[in-house]
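In: A predicted structure for the sequence below; I have some questions about it.
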Amino acid sequence: MIFGYARVSTRSQSLDAQQDALWASDAERIFADQASGTGVVRPELERLIDQLRPGDIVMVTKYDRLARSLKELLELVERIRAAGADFRSLAEEIDTSSPAGRLVFHVFGSIAEFERARIAERTREGLEAARRRGRIGGRPPALTPEQRAEVRRMRDQENRPVAEIARLFRVSTHTVRRA
């Protein structure tokens with residue numbers, strides 16, 4: 001049996017494109033999770049692996065839908081292979097049912113992990129360069145220093161409720177409490 005697996009990181013993302021590609025590639029059943037790839041339990045992936053039998057195939061549109069690190073990818077594919085099944089990735093044309101497919105799988109996995117590490121490194125370097133130039137980054141403060149002083153005065157001297165102050169300044173009650 002050919003099992004498809006689709007995953008998106010957030011609920012606002014759609015699984016439609018992945019599922020359409022899997023159905024078009026002869027998936028007989030599709031399991032789908034809406035969860036970040038790192039450190040999150042993916043119940044549908046676990047259900048899929050529990051149902052695997054010898055000769056089955058686990059198919060994904062791209063291998064990063066299955067795992068976010070080379071280590072995790074290798075572990076998952078090993079679990080799939082331990083059940084007697086094979087792994088297929090459509091975008092990378094990887095099929096672990098052959099020795100050549102297994103070699104390509106390991107090469108692509110290594111390249112992907114290298115690229116993620118380079119992206120993280122470039123991001124850190126960019127943030128450090130911006131800090132050296134005095135840029136802090138992130139979201140600008142919701143209240144100016146003068147507004148924060150006024151918030152404290154209204155709360156401490158006028159005893160106004162936090163919710164009222166938040167409405168006046170059009171900020172959250174959490175922002176008022178922080179001020």
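Out: Nice, thanks for sending it over.

In: OK, contacts around Val151?
Out: Leu143, Ile165, Phe169, Val176, Ala179 (CB atoms under 8 Å, 6 or more residues apart in numbering). C-beta here means a position set from N, CA and C on the backbone, and glycine is covered the same way.

In: pull out the buried members of these.
Out: Leu143, Ile165, Phe169, Val176, Ala179 (16 or more other CB atoms under 10 Å).

In: and Phe3, which of the three is it?
Out: Three states are possible here, and by DSSP: H, G, I helix; E, B strand; the rest coil the one that applies to Phe3 is strand.

In: pull the distance from the lengthiest helix in the chain to the chain's centre.
Out: Secondary structure of the chain per DSSP state H: the longest helix is helix 99-132. Offset of helix 99-132 from its chain centre (CA atoms, centre = their mean, to the nearest Å): 15 Å.

In: packing partners of that helix?
Out: helix 70-82, strand 86-89, strand 94-95 (3 or more CB pairs under 8 Å, 6 or more residues apart in numbering; DSSP states H and E).

In: got the contact list for the longest one?
Out: Contacts with helix 70-82, where a contact means CB under 8 Å, 6+ apart, come from 45, 49, 52, 58, 63, 66-67, 86-87, 96, 105-106, 109-110, 112-113.

In: between it and helix 99-132, how many degrees?
Out: 160 degrees (axes from the mean of the first three to the mean of the last three CA atoms, to 10 degrees).

In: pLDDT on helix 70-82, on average?
Out: Helix 70-82 carries an average pLDDT of 87.

In: would you mark the buried spots in that helix?
Out: Buried residues in helix 70-82 (16+ other CB under 10 Å): Leu70, Glu72, Leu73, Leu76, Val77, Arg79, Ile80, Arg81.

In: closest one of those residues to Glu125?
Out: Leu70 (22.6 Å; CB to CB).
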